[in-house]
Structures are given as structure tokens and as C-alpha cells.
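J.: Pasted the sequence and its predicted model underneath.
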Amino acid sequence: MELSFYKYQGTGNDFVMIDDRDQRFDEKNLSLVQKLCDRKFGIGADGLILIRNHAEFDFEMIYFNADGSQSMCGNGSRCAVAFSAFLGIIKEKTHFLAIDGSHEAILAGDQVELMMGNVSGITESLGDFFVNTGSPHHIRFVEKAKDYPVFDQGRAIRYDACYAPAGTNVNFVEKISDHEVFVRTYERGVENETLSCGTGVTAAAIAFGALQNQNQVKINTLGGKLSVKFQQDQLGGYRDIWLIGPAEQVFSGKIIL
Ligand SMILES: N[C@@H](CCC[C@H](N)C(=O)O)C(=O)O
């Protein structure tokens with residue numbers, strides 16, 4: 001059997017994308033997901049995304065991390081919106097379903113504006129912060145993120161007993177100005193630092209915004225620039241959260257099964 005695939009990247013977070021409206025991909029075949037994401041023995045990616053039909057939405061995005069586990073992916077969602085437009089499923093605006101619920105998105109040139117799910121609040125954890133943006137994110141503010149041991153410290157926090165058994169993603173955030181940060185992320189499910197993490201920078205922006213009294217934050221990652229804006233509600237939660245940045249098709253090919 002042959003399956004077409006496309007490769008997308010959103011600020012360097014890269015994904016194998018499959019148009020699975022005919023449901024030929026067996027989503028229970030996690031060893032196939034792992035193999036396709038393997039950078040030596042497969043296509044190579046931080047994650048794999050299936051685009052499927054849904055009766056109540058423009059499409060459903062099914063996201064897998066490179067190890068086959070599932071969670072919400074912000075950059076992957078932005079790439080899924082660009083891919084769905086490429087497939088002709090949507091035009092500039094869409095309403096789609098992901099693992100954490102429904103999302104709106106707007107395609108504006110190479111930029112995808114993605115509405116994230118509401119966030120219930122910011123909690124303290126291990127002397128740092130924790131924010132769930134559809135995926136769990138530990139947030140540590142550091143002085144020089146460029147020189148920070150992201151892999152070692154990220155892995156230690158990811159496996160800390162307080163996050164067991166599910167674990168967490170870990171973000172190291174450096175203040176650049178009152179409304180700009182540099183973020184490096186250790187991603188659960190990739191088990192490494194990625195060049196960018198959409199749910200991670202959203203969590204970082206919310207924690208930073210709370211400290212700086214800002215509701216719009218510019219983000220620098222190793223893979224490029226994003227921005228996040230949001231509104232705080234009366235109960236300490238956050239809504240109207242938008243993650244904005246580029247999504248690009250970089251490759252296409254055939255999977256031989
Ligand atoms: N890269 C993603 C996050 C993917 C999910 C995460 N690794 C997890 O398992 O929680 C993003 O852009 O949000």
C-alpha cells in the first residue's frame with residue numbers, strides 16, 4: 001500500500017501530515033507513527049498529524065508525538081490549518097476539532113492565527129510555574145536561556161514525581177523586554193528539546209504576561225518568531241487566547257507500507 005505524505009514546519013517544529021479523510025491510516029499502529037517520525041529510519045519529525053472528516057467541524061486533527069503519545073499541539077494545529085487550506089477543505093477561516101476540543105483559526109498569508117482553549121489559571125510548581133494550555137507546561141524563568149542546560153534540566157523536571165505518571169513539557173523563558181521573551185522547550189513525547197512548541201510558548205506568554213501585567217507577548221524561539229495575545233477573566237483564568245505565527249509546507253512524498 002502507498003500513502004501520500006506532506007511535511008510541514010511551524011517555527012521549526014516539524015510534522016508529517018497525512019490527508020486521512022479516507023481513514024486508511026490505522027491510528028492504533030503506534031509503531032508506524034514512531035517509525036515515520038524517526039529521523040534515521042523514517043521521514044523524521046517531532047510529530048505526525050492525520051486530517052480526518054468530522055460531521056460537525058471542517059476537519060478533525062489527530063496529533064501524535066514522535067513516540068506515538070497524544071496531546072494538544074499548537075504548532076501542529078497551525079500546520080494542520082495550512083495543510084487543510086492546501087487540500088481545499090477550508091479557505092481563510094476554519095472551525096476544527098483537536099484532542100482538547102474545538103478551535104477557530106484564521107489563515108492570513110503565511111501566518112496562521114489559532115485560538116487556543118481557555119486556561120484555568122497559573123499554579124506554582126517546584127518553585128516555578130505550571131500552565132495547562134491543552135498540554136501541560138512547566139515554566140521556569142531563567143537569565144540566559146541560550147546557555148541553559150535545557151535537555152538535562154528539562155528531562156529532570158519532565159520526570160519529577162510531582163508530574164507522574166503523565167509527565168510535563170518544560171519551558172525555559174528569558175525576559176527580553178517587558179513584552180518580549182525567548183523560550184526554549186523540552187518536549188514530552190519527543191523527549192528532547194524542539195526548536196519551538198506552540199502550547200509551550202502560549203503557556204510561557206500567559207505566565208510572563210501575569211508577571212508583567214501584559215496581555216500581548218512577542219516570542220522568540222530557536223526556530224522563529226511567534227506572538228500570543230489573551231484576555232484574563234474575573235476568576236484568574238484566561239480566554240480569547242491566540243497563538244500567531246508561520247506554517248510552511250516543505251516536502252511531499254510517498255510512504256510505502
Ligand atoms: N509541539 C507541540 C506540543 C506537542 C505536545 C507535547 N509534546 C505533549 O505531549 O504535551 C506544540 O506546538 O504545542
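T.: Okay, I see it.

J.: What count of nearby residues applies to Ile241?
T.: 22 (other Cβ atoms under 10 Å). (C-beta placed from N, C-alpha, C; glycine too.)

J.: who's in contact with it?
T.: Met115, Met116, Gly117, Asn118, Val119, Thr133, Thr202, Ile206, Val228, Lys229, Phe230, Gln231 (Cβ atoms under 8 Å, 6 or more residues apart in numbering).

J.: burial count for the third one?
T.: To tie it back to what came earlier, the one meant is Gly117. Gly117 has 19 nearby residues by other Cβ under 10 Å.

J.: So which of the contacts of Ile241 are in strands?
T.: Met115, Val228, Lys229, Phe230, Gln231 (DSSP state E).

J.: I'd assumed Glu104 was in contact with the first one.
T.: Yes: using Cβ atoms under 8 Å, Met115 is in contact with Glu104, at 4.4 Å.

J.: Settle it for me: which of the two has more neighbours?
T.: Met115 (17 against 14).

J.: ok, what's across the strand from that one?
T.: Trp242 (DSSP bridges).

J.: Which pLDDT value goes with it?
T.: Note for Met115: predicted pLDDT of 98.

J.: show me the contacts for it.
T.: Taking Cβ under 8 Å, 6+ apart as the test, what Met115 contacts is His103, Glu104, Ala105, Asp240, Ile241, Trp242.

J.: what about it, distance to Ala210?
T.: 20 Å (Cβ to Cβ, to the nearest Å).

J.: just Tyr63 next, same as before
T.: Distance from Tyr63 to Ala210, by Cβ to Cβ: 27 Å.

J.: again, but for Gly117
T.: From Gly117 over to Ala210 (counting by Cβ to Cβ), the distance is 18 Å.

J.: more crowded one of Tyr63 and Ala210?
T.: Using other Cβ under 10 Å, the more surrounded residue of Tyr63 and Ala210 is Tyr63, with 22 against 17.

J.: can you list the residues of the protein near the ligand?
T.: 13, 65, 69, 71, 73-76, 135, 169, 187-190, 197-199 (Cβ under 6 Å from any ligand atom).

J.: redo that, cut-off 5 Å
T.: 13, 65, 71, 73-75, 135, 169, 187-189, 197-199 (Cβ under 5 Å from any ligand atom).

J.: Most neighbours among these, which one?
T.: That'd be Cys197 among these, by other Cβ under 10 Å, with 36 neighbours.

J.: Isn't it up against Thr11?
T.: No: the pair Cys197 / Thr11 is not scored as a contact, 9.0 Å apart, by Cβ under 8 Å.

J.: list residues touching both of those two?
T.: Common neighbours of Cys197 and Thr11 (Cβ under 8 Å, 6+ apart) are Asn75, Thr221.

J.: Cys73 versus Gly223, what's the distance?
T.: Gly223 is 14 Å from Cys73, by Cβ to Cβ.

J.: swap that for Thr185, please
T.: Distance from Thr185 to Cys73, by Cβ to Cβ: 12 Å.

J.: cool, and Glu27?
T.: Taking Cβ to Cβ, one finds Glu27 at 15 Å from Cys73.

J.: Could you do Gly117 as well?
T.: Taking Cβ to Cβ, one finds Gly117 at 12 Å from Cys73.

J.: same deal with Gly236?
T.: 26 Å.

J.: now do Asn65
T.: On the measure of Cβ to Cβ, Asn65 and Cys73 end up 8 Å apart.

J.: Need the overlap of contacts for these two.
T.: Contacts common to Asn65 and Cys73, judged by Cβ under 8 Å, 6+ apart, are Gly47.

J.: ok, back up a step: just the buried residues from the ones in strands among the contacts of Ile241, in ChimeraX please.
T.: Filtering those down to the buried ones (16 or more other Cβ atoms under 10 Å) takes a single ChimeraX command:
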select :115,228,229,230
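
J.: ok, of the ones in strands among the contacts of Ile241, which one's closest to Leu50?
T.: Met115 (21.2 Å; Cβ to Cβ).

J.: wait, isn't Glu2 in contact with Arg24?
T.: No: in this structure, Glu2 is not within contact of Arg24 by Cβ under 8 Å, at 9.9 Å.
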